[in-house]
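[1] prediction below, plus the sequence it came from.
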Amino acid sequence: MRTPQLYIGTAGWSYKDWVPNFYPKQQSKNFDWLEFYSQYFNAVEVNASYYTYLSPRVVEAWLRKTEDVDDFLFTVKLHNDFTHKRRYANEQIKAVQHNLDMLKTAERLGGLLIQFPYSFDFNDANVEYLRKLIERFEGYEKFIEVRHRSWMNKHAKSVTFCTIDQPQIGESIEFDPIVGNKAAYIRFHGRNEEAWKQSLTNFGKKQTYEQQSARYEYLYSPGELVEIDQKLKEIFDKVKKVFVIMNNHPHGDAVANAFELLHLLKEKSKIKMPETILKAYPRLKEFALSL
């Protein structure tokens, strides 16, 4: 079995509830979360770009904070104006492209994540909308996430569609690794079915951060991760590059599971981890690299 380039990390890195489970409670004045994070993972998915158009200064700061790390990539989630509201102007396209170009020039761009909602099902109008959106961002590697089952087996080979793991509710897509354009992009949202159903009920209502995050509150078990490892390795011979992104972020569960998958996907090798995560998740100690 040929092992492709593996990029493993989490969806976002700036979570207060990752203290003290990942980030230490006692932090010096110069302590930086991204710098700390990049010591342990080689990829991160940028979530902030989904909610706001980020200043180039923010991107410059990311590059500065990761300049001493080899082989670290950012994947950037496209703003919801393009995927949920579906209303955008050339000015917004250029703003996104400028930041992507900064990362690309620095060889830090993993790709552009285009995440559509469950309501974006397979029909002629949506296919045409997606086609035009892909053209808008020609020149960048793109990862398309659709969540409705109607899209299954309708993927273009020239585009990488995401594989997603989520609760199986209604017409949700099942977890089945997809290959496109010699790459795979795997996102794990957790399997908290009850909280996911509740989030659908509350869709469109004003919610607290805790309410919004509740559906992602899920720690994958060792048994589930072994099954996932086996499924992912089935596509290794078909791809050159694989991104594995954990989005079950509450409390740092995503970090713990990312370390566990890194261990499994790298043939059960020992993994460098901080003491904070070992204290919060003792089961990780069995494959911790002794320093």
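    Received the coordinates, thanks.
[2] can you pull out the helices in this protein?
    33-37, 48-51, 56-65, 80-83, 90-105, 124-136, 193-201, 209-213, 222-233, 253-265, 275-280 (DSSP state H).
[3] show me where pLDDT drops low in the chain?
    Low-confidence segments of the chain (pLDDT under 70): 1, 153-158, 202-205, 291.
[4] how about JSON lines for the helices of the chain, with mean neighbour count and distance to G170 added?
    Where C-beta positions appear, they are placed from N, C-alpha and C, glycine not excepted. Listed next are the helices of the chain as JSON lines, based on neighbours: other C-beta atoms under 10 Å; distance: least, C-beta to C-beta, whole Å:
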{"stretch": "helix 33-37", "mean neighbour count": "18", "distance to G170": "34"}
{"stretch": "helix 48-51", "mean neighbour count": "17", "distance to G170": "23"}
{"stretch": "helix 56-65", "mean neighbour count": "15", "distance to G170": "37"}
{"stretch": "helix 80-83", "mean neighbour count": "19", "distance to G170": "20"}
{"stretch": "helix 90-105", "mean neighbour count": "15", "distance to G170": "31"}
{"stretch": "helix 124-136", "mean neighbour count": "13", "distance to G170": "17"}
{"stretch": "helix 193-201", "mean neighbour count": "14", "distance to G170": "9"}
{"stretch": "helix 209-213", "mean neighbour count": "13", "distance to G170": "20"}
{"stretch": "helix 222-233", "mean neighbour count": "15", "distance to G170": "22"}
{"stretch": "helix 253-265", "mean neighbour count": "24", "distance to G170": "24"}
{"stretch": "helix 275-280", "mean neighbour count": "16", "distance to G170": "34"}
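[5] nearest to T163 among those would be which one?
    helix 222-233 (8.7 Å; C-beta to C-beta).
[6] what helices or strands is the closest one leaning on?
    Where contact means 3 or more C-beta pairs under 8 Å, 6 or more residues apart in numbering; DSSP states H and E, helix 222-233 is packed against strand 183-188, helix 253-265.
[7] could the helices of the chain go into JSON lines alongside distance to I245?
    Converted to JSON lines, the helices of the chain look like this (distance: least, C-beta to C-beta, whole Å):
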{"stretch": "helix 33-37", "distance to I245": "13"}
{"stretch": "helix 48-51", "distance to I245": "13"}
{"stretch": "helix 56-65", "distance to I245": "17"}
{"stretch": "helix 80-83", "distance to I245": "17"}
{"stretch": "helix 90-105", "distance to I245": "16"}
{"stretch": "helix 124-136", "distance to I245": "20"}
{"stretch": "helix 193-201", "distance to I245": "18"}
{"stretch": "helix 209-213", "distance to I245": "16"}
{"stretch": "helix 222-233", "distance to I245": "12"}
{"stretch": "helix 253-265", "distance to I245": "8"}
{"stretch": "helix 275-280", "distance to I245": "18"}
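[8] of all those helices, which lies closest to I186?
    helix 222-233 (6.7 Å).
[9] in TSV, list the helices and strands packed on helix 222-233 along with distance to F137.
    As requested, the helices and strands packed on helix 222-233 are exported to TSV (distance: least, C-beta to C-beta, whole Å):
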stretch	distance to F137
strand 183-188	15
helix 253-265	27
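[10] tell me which of these sits nearest to Y15.
    Closest to Y15 of the helices and strands packed on helix 222-233 is helix 253-265 (C-beta to C-beta; 8.7 Å).
[11] N21 is nearest to which of the helices of the chain?
    That would be helix 275-280 among those, by C-beta to C-beta, at 3.8 Å.
[12] quick one, which of the helices and strands packed on helix 222-233 is nearest to E67?
    Nearest of the helices and strands packed on helix 222-233 (C-beta to C-beta): helix 253-265, 22.6 Å.
[13] quick one: that closest one to chain centroid distance?
    Helix 253-265 sits 13 Å away from the centroid of its parent chain (C-alpha atoms, centre = their mean, to the nearest Å).
[14] repeat that for stretch 170-185.
    How far stretch 170-185 lies from its chain's middle: 14 Å, per C-alpha atoms, centre = their mean.
[15] how close does S221 get to I173?
    Taking C-beta to C-beta, to the nearest Å as the measure, S221 falls 22 Å from I173.
[16] so for the two, which sits in the more crowded spot?
    Each of S221 and I173 has its neighbours counted (other C-beta atoms under 10 Å); I173 has more, 22 against 13.
[17] now do the phi/psi pair for that one.
    Torsion angles at I173 (phi, psi; degrees, to the nearest 10) stand at phi -80, psi 140.
[18] what residues are up against it?
    146-149, 151-152, 164, 166 (C-beta atoms under 8 Å, 6 or more residues apart in numbering).
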